[in-house]
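> Here's a sequence, model it:
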Amino acid sequence: MASLPKEMVTTSKVQVEDLRVTYGSKEVIHGISFDIQPNEIFGIIGPAQSGKTSLLRCINRTIELTVGAKVKGTIRVDGEDVQRASNVYGLRRKIGMVAPLPVGLPLSIFDNVAFAPRSAGISNKSALNDLVEKCLRQAALWDEVKDRLDSLGTKLSGGQQQRLTIARALSHSPEILCLDEFSIAIDPVTTMRIEDVLKELKKEMTIILVTNLVQQARRLAARTMFLWNGEIIELDQTSVMFGENPKDRRTYDYVNGIFG
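Residues are numbered from 1 along each chain as shown. Have a look, this model is predicted:
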């Protein structure tokens, strides 16, 4: 298993062991193993169809919502096998997910963020107000929307909607935040604002960053994994991965735009 040097080892937040994923007869992840440390921004890069999104969906068990998907191997979060979790909804609250394109609920900005807490039983108006403000501030959106919280979230700009999606993911206080190419549909300025948010959020949670922008992984991730055709080509400190001498020539070629 690829892991941190001994002097940096702590109890892993996520452990993946011999993970295999198939859709029907096609195997898309081929027995990969790795770990992720607490409060780490862990980058995952690789070409399309490499299994990156499938991997994230295995961690929070949304993969089982896909007909024909089968998972073998073990994924542990805080030492607990996610496949044996007695409360899958509790697991998903623990692991926030942000998709490539913003998916706003047809509700007000306030209700978009308050939806999950209300579903979890929080009904006190003052507590909800405080939580909504906190999450919108964490997502760098509060100052732009604080005077129109009753407006439809779907009326926001694309970048604002993506930050609203992040605020919604934060509303159930996840311990792990999975980001699946969050910046694919937003402008560079908004992307940099969200990157600044992520640098602050890692103080409170572990972040798994799937990105099609290799330089984004370079800016944010402590370690980066290069996934290609469902196999780990290389996993190392990001400075090594993006240096002149990564362990695998394919890594150098990919991060330097020679292919992919």
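
> Mind jotting down where the strands sit in the stretch 51-200 of the chain?
Assigned by DSSP state E, counting those that start in this stretch, the strands in the stretch 51-200 of the chain fall at 69-77, 80-81, 95-98, 176-180.

> Pipe those strands into TSV and attach mean neighbour count per row.
Using the backbone N, CA and C atoms, a C-beta is placed for each residue, glycine as well. Output for these, formatted as TSV (neighbours: other C-beta atoms under 10 Å):
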stretch	mean neighbour count
strand 69-77	17
strand 80-81	12
strand 95-98	23
strand 176-180	23
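
> Make JSON lines out of these and add mean pLDDT and distance to R249.
Formatted as JSON lines, the strands of the stretch 51-200 of the chain follow (pLDDT from 0 to 100; distance: least, C-beta to C-beta, whole Å):
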{"stretch": "strand 69-77", "mean pLDDT": "96", "distance to R249": "28"}
{"stretch": "strand 80-81", "mean pLDDT": "92", "distance to R249": "36"}
{"stretch": "strand 95-98", "mean pLDDT": "92", "distance to R249": "33"}
{"stretch": "strand 176-180", "mean pLDDT": "96", "distance to R249": "28"}
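
> Please convert those to TSV, extending it with distance to T53.
Output for those, formatted as TSV (distance: least, C-beta to C-beta, whole Å):
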stretch	distance to T53
strand 69-77	12
strand 80-81	22
strand 95-98	10
strand 176-180	6
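
> So which of those is nearest D18?
If you check each of the strands of the stretch 51-200 of the chain against D18 by C-beta to C-beta, strand 69-77 wins as the nearest, at 4.2 Å.

> Quick check: nearest residue in space to V88, chain neighbours excluded?
Residue nearest to V88 in three dimensions, not counting chain neighbours: R61, with 5.6 Å by C-beta to C-beta, 6 or more residues apart in numbering.
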